[in-house]
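Student: One predicted model, sequence on top.
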Amino acid sequence: MEPARLPAHLEAGAILRLAEAQGGFGMVIAKGERDAGTILLVTIFRDEPPRLYERLPQRDGTRRFQLIREQDAENKEEFSVYLERRKRQDPDIWIVEVDVADSERFVASLLQ
């Protein structure tokens with residue numbers, strides 16, 4: 001049996017508050033379905049390439065954020081095109097962008 005999921009709007013808000021608590025900031029780029037929308041997390045920081053994380057199911061039944069894409073320095077537009085395509089394919093999707101110093105540590109600190 002799958003554990004209960006937080007409604008998407010609450011999870012998005014918690015991600016933004018966590019970014020602020022860690023000295024960063026964030027914003028919702030796209031609002032999806034209030035309760036059951038998928039959340040994509042974009043992390044940025046200074047000169048580092050943006051990274052895209054998505055919560056994916058694991059073998060043990062949990063769902064964890066995993067890195068699914070990083071902006072290519074030689075083709076920066078491809079990252080934005082991918083996000084736009086995902087929004088068109090799934091109107092329920094949420095895209096949350098956070099500006100944090102250590103994206104891997106930030107993602108690891110999110111509720112698993």
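Tutor: Received the coordinates, thanks. Numbers count the residues shown, from 1 in each chain.
Student: all contacts plus neighbour counts: C-alpha atoms, from now on.
Tutor: OK.
Student: ok, for Val98, nearest residue in space, not its chain neighbours?
Tutor: Excluding its sequence neighbours, the residue lying closest to Val98 (Cα to Cα, 6 or more residues apart in numbering) is Gly26, at 4.0 Å.
Student: which residues sit against the helix or strand where the one you found lies?
Tutor: Gly26 is part of strand 25-30 when elements are defined by DSSP states H and E. By Cα atoms under 8 Å, 6 or more residues apart in numbering, the residues outside strand 25-30 that reach it are 12, 16, 19-20, 87, 93-100.
Student: partners of the most centrally placed residue in the chain in the sheet?
Tutor: Centroid-nearest residue in the chain: Leu41, 1.1 Å away (criterion: Cα atoms, centre = their mean). Counting by DSSP bridges, Leu41 forms beta bridges with Tyr53, Val96.
Student: residues in contact with it?
Tutor: Counting by Cα under 8 Å, 6+ apart, Leu41 has contacts Leu52, Tyr53, Glu54, Ile95, Val96, Glu97, Val98.
Student: same thing with Glu78?
Tutor: Glu78 makes contacts with Gln71, Asp72, as judged by Cα under 8 Å, 6+ apart.
Student: Centre of the chain to the helix or strand where Tyr82 lies, how far?
Tutor: Per DSSP H and E, Tyr82 falls inside helix 77-89. What separates the centre of helix 77-89 from the centre of its chain is 14 Å, taken as Cα atoms, centre = their mean, to the nearest Å.
Student: Flag every buried residue along that helix.
Tutor: The neighbour-count check on helix 77-89 (16 or more other Cα atoms under 10 Å) flags Phe79, Leu83, Arg86, Lys87 as buried.
Student: and it with strand 25-30, angle?
Tutor: 50 degrees (axes from the mean of the first three to the mean of the last three Cα atoms, to 10 degrees).
Student: For helix 77-89, what does the pLDDT average out to?
Tutor: Taken as a whole, helix 77-89 has a mean pLDDT of 95.
Student: For stretch 68-76, which residues meet the burial criterion?
Tutor: Glu70, Gln71.
Student: All good on my end, thank you.
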